[in-house]
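J.: Sequence and predicted model, in that order:
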Amino acid sequence: MISFMRLVPPSVLSLLAAAVMVGGVSAVSTQSGGGTPGPSRAAATFRLLVRTGQAAPDGGTFAEFSDPTNNGSGDLLFGAVVTDRDRVRETLYFAAGSKLKALLSSGAPAPTGGTFSTFSDLLLSDRGTIGFLAKTTDRVAWEGVYLLRAGKAVPIARIGERTPAGGVFTDFANPTINARDEVAFVGRMTGQEGIFINADGSTKPVLMSGQPAPEGGVFEFFLDGSPWLNDRGDMAFVASTTVHHLQGVYVLVDGQPATVVTTDDEAPVGGLFTEFGSVGLTNEGTVCFIGRSSRSATPEALYVTGRAVLVTLAAFGQAVEGGPLTKFANVVIDSREDVVFQLSLPIVPQALYLATRAGVRPIALAGDRAPGGGLFTAFSTPTLNDAGQVAFVAETDDGRHGIYVVTLP
């Protein structure tokens, strides 16, 4: 689930009275405020959308932000904690250009019963369709996957609902939406889980644990960030199977799973693969993922599929501006096969990187000058659209958090 960004304790968050105007645009190119960037620095343009301490368009003051998501039109969806006198609420906001619009707040009635309490895993399609995972105060339907239709939340799956595969939903994970407004997600039931897709108002299972895996045995469960749904309706996912608990990266095309790579395969950097994570899939069928390997001088790398072999985009220990790469996290890919990622060490990410087949370059580093003032100190999970726009929450050295959009060259 997407959580609200807490890079410092909430008590340290500065709710400064000096606020930028809602929709005010501040931009700088990616040049380091702490010095001249190296030749490897990706030339890009930064824009500040909103910061903590700023007045929310529907009243109150922004205190915290969730990870945003964006679409190919450059629209952006994010959640915020807003303080309004004695009340604290969570609200979803939609940003089109410089305009912010409040959509839905905690405390609003949920169509499944009770009221909404929290929002996460935000979805925004190229058509502008908005979705999310939400918890409610209802004792039975306490969680669900929802879409906004004509300003109203419509559930497409909820806890306690009987599934098309049999059994009853008990939990959800990793909803994703494509340009056709199809929504895929992992749905869990007692003793089973599966990948489901909702299209044209109907939800159906597309792959369930217990179904045959390409290498033999059956699928057990689905892992880190799965599934990734492209605009053709194909999916990439990471799964474990019953064949010596083998783990693999798979694609689902026309309802049939096909193997990309498994833990029985040798990694291009040496040693056998041991696990995978953060899978992505382009409309053309290129798959990207993090692969970890054993008995190798390079225990971890970022890969994309080539015509016949895996291509290593970035590797543990690789020297880049800002210091050598460590463990990878939060990988996203666009239609140009630009890959944006962070490192999970240090634990609080202090950089955003761009990886292409030409090499790896920082997009932003801690110490860089931020639009709107201050120096960047930490970054949240990024999102990337097919226009080459990266959106993320960042903290600056004055203790404030802001939502920024970077346009890649």
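T.: Received the coordinates, thanks.
J.: Now do the spatially closest residue to P349 that is not a sequence neighbour: how many residues are near it, please.
T.: In space, not counting the residues next to it along the chain, P349 is nearest to Q342; the distance is 4.2 Å by Cβ to Cβ, 6 or more residues apart in numbering. Using the backbone N, CA and C atoms, a C-beta is placed for each residue, glycine as well. Neighbour count for Q342, taken as other Cβ atoms under 10 Å: 21.
J.: Which residues are in contact with Q342?
T.: F328, A329, N330, P349, A351, L352, Y353, F379, T381, P382 (Cβ atoms under 8 Å, 6 or more residues apart in numbering).
J.: Could you give the bridge partners of it?
T.: Per DSSP bridges, the residues bridged to Q342 are A329.
J.: out of the contacts of Q342, which one sits closest to L103?
T.: T381 (20.8 Å; Cβ to Cβ).
J.: Out of the contacts of Q342, who's the most crowded?
T.: Counting neighbours by other Cβ under 10 Å, L352 leads the contacts of Q342 with 28 neighbours.
J.: elements contacting the helix or strand where it lies?
T.: Using DSSP states H and E, L352 sits within strand 351-356. Contacts defined by 3 or more Cβ pairs under 8 Å, 6 or more residues apart in numbering; DSSP states H and E place strand 351-356 against strand 310-315, strand 339-343, strand 359-365.
J.: Ok, which of those strands comes nearest L100?
T.: Closest approach to L100 among these is made by strand 359-365 (22.9 Å; Cβ to Cβ).
J.: The closest one - which strands sit beside it in the sheet, and in what orientation?
T.: strand 351-356 (antiparallel).
J.: what pLDDT, on average, does the strand it pairs with get?
T.: Strand 351-356 carries an average pLDDT of 97.
J.: Quick one: distance of it to the chain centre.
T.: Distance, stretch centre to chain centre, for strand 351-356: 15 Å (Cα atoms, centre = their mean, to the nearest Å).
J.: again, but for stretch 63-74
T.: With Cα atoms, centre = their mean, you get 10 Å for stretch 63-74.
J.: and what of stretch 373-380?
T.: 19 Å.
J.: Need the residues that contact that stretch.
T.: Contact with stretch 373-380 is made by 5, 7, 33-34, 65, 67, 342, 348-352, 364-370, 392-398, 400, as judged by Cβ under 8 Å, 6+ apart.
J.: looking only at pLDDT, what's the mean for that stretch?
T.: For stretch 373-380, the mean confidence score works out to 97.
J.: can you dump the C-alpha coordinates of it into CSV?
T.: Taking Å, rounded to 0.1, in the frame of the first residue of the first chain, the C-alpha atoms of stretch 373-380 are listed here in CSV:
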residue,chain,number,x,y,z
GLY,A,373,13.4,27.0,-1.9
GLY,A,374,15.6,24.8,0.2
LEU,A,375,17.7,21.8,-0.7
PHE,A,376,16.4,18.3,-1.3
THR,A,377,17.1,15.8,1.6
ALA,A,378,14.9,12.8,0.8
PHE,A,379,12.5,11.4,-1.8
SER,A,380,9.4,9.2,-1.9
